[in-house]
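Peer 1: structure here, sequence nowhere to be found:
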Ligand SMILES: [Zn+2]
């Protein structure tokens, strides 16, 4: 790993865009002057939600690929896997003008066929059970802060109704700022850590230190 002065961390949000929760997450990021990365489900990219995607971009956040239908992709054929990825990538390019570089497998289910068929860097991240409605905002914040490390991806969700994550961010962001973290998008973090994405096939990343040199 190359030396970087600041500790870097990337907040990421899965399963959007949603009609209200994505906007609330963006409100918090904007108020704290930081960026995040959003892994979108292709089928959620409707015409009505294009304004929220445009707002995401205007805040300096990044859009990545979380499949088209959010199914267990281990059960799909190679052709179906390619279609899931390319439909979503094409839709993201149409809306944002930028091709995704990263992929988060739905449910973090993956296999060798997926690694072979998908030409994107696979990202997981450090989670805090924020996909469970009963997980409190306090637990989401405490676990995220406790797990933070330089080069980490933080796995969160902005699906409709997941307001406790927007609430937890109000604690997470100032606490990590106090610990000296700089918030960056996933692509910026990999770039600044000197990771060559072309060499990373077969790795599911939680932190950039897993990279092959
Ligand atoms: Zn998901």
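Peer 2: Ah, there it is. What you see is a predicted model, and the numbers here were worked out from it, not measured in a lab. Numbers count the residues shown, from 1 in each chain.
Peer 1: what about the residue nearest to residue 197 when sequence neighbours are not counted, how many residues nearby?
Peer 2: Spatial nearest neighbour of residue 197, chain neighbours left out: residue 121 (5.0 Å); criterion: Cβ to Cβ, 6 or more residues apart in numbering. No exception for glycine: its C-beta is placed from N, CA and C like everyone else's. Neighbour count for residue 121, taken as other Cβ atoms under 10 Å: 23.
Peer 1: next, give phi and psi for residue 121.
Peer 2: phi -80, psi 130 (degrees, to the nearest 10).
Peer 1: I'd say it and residue 190 touch.
Peer 2: Yes: judged on Cβ atoms under 8 Å, residue 121 makes contact with residue 190 at a distance of 7.3 Å.
Peer 1: buried residues, stretch 188-202. List them.
Peer 2: Residues of stretch 188-202 classed as buried: 188, 189, 190, 192, 193, 195, 200 (neighbour count, 16 or more other Cβ atoms under 10 Å).
Peer 1: quick check: pLDDT value at the fourth one.
Peer 2: This points to residue 192. Looking at residue 192, its pLDDT reads 96.
Peer 1: please report the distance of residue 140 from residue 195.
Peer 2: 28 Å (Cβ to Cβ, to the nearest Å).
Peer 1: quick one: the strands in this structure?
Peer 2: 7-16, 37-40, 62-65, 102-103, 121-123, 126-127, 152-157, 181-183, 204-205 (DSSP state E).
Peer 1: what about residue 205, neighbour count?
Peer 2: 23.
Peer 1: mind listing what it touches?
Peer 2: By Cβ atoms under 8 Å, 6 or more residues apart in numbering, residue 205 lies in contact with 121, 122, 123, 124, 125, 153, 211.
Peer 1: which residues does the second one bridge with?
Peer 2: The one in question is residue 122. Beta bridges link residue 122 to residue 103, residue 204, judged by DSSP bridges.
Peer 1: quick one: mean pLDDT for stretch 123-137?
Peer 2: Stretch 123-137 comes out at a mean pLDDT of 98.
Peer 1: which positions within it qualify as buried?
Peer 2: 123, 124, 125, 126, 127, 128, 130, 131, 135, 137.
Peer 1: mind checking which of those residues land in helices?
Peer 2: By the criterion of DSSP state H, membership of the buried residues of stretch 123-137 in helices covers residue 137.
Peer 1: out of the buried residues of stretch 123-137, what pair is the most spread apart?
Peer 2: 123 and 137 (24.0 Å; Cβ to Cβ).
Peer 1: ok, so of the contacts of residue 205, who is nearest residue 84?
Peer 2: Using Cβ to Cβ, the contacts of residue 205 come closest to residue 84 at residue 122, 13.8 Å.
Peer 1: contacting residues around the closest one?
Peer 2: 102, 103, 104, 105, 110, 115, 203, 204, 205 are the contacts of residue 122 under Cβ under 8 Å, 6+ apart.
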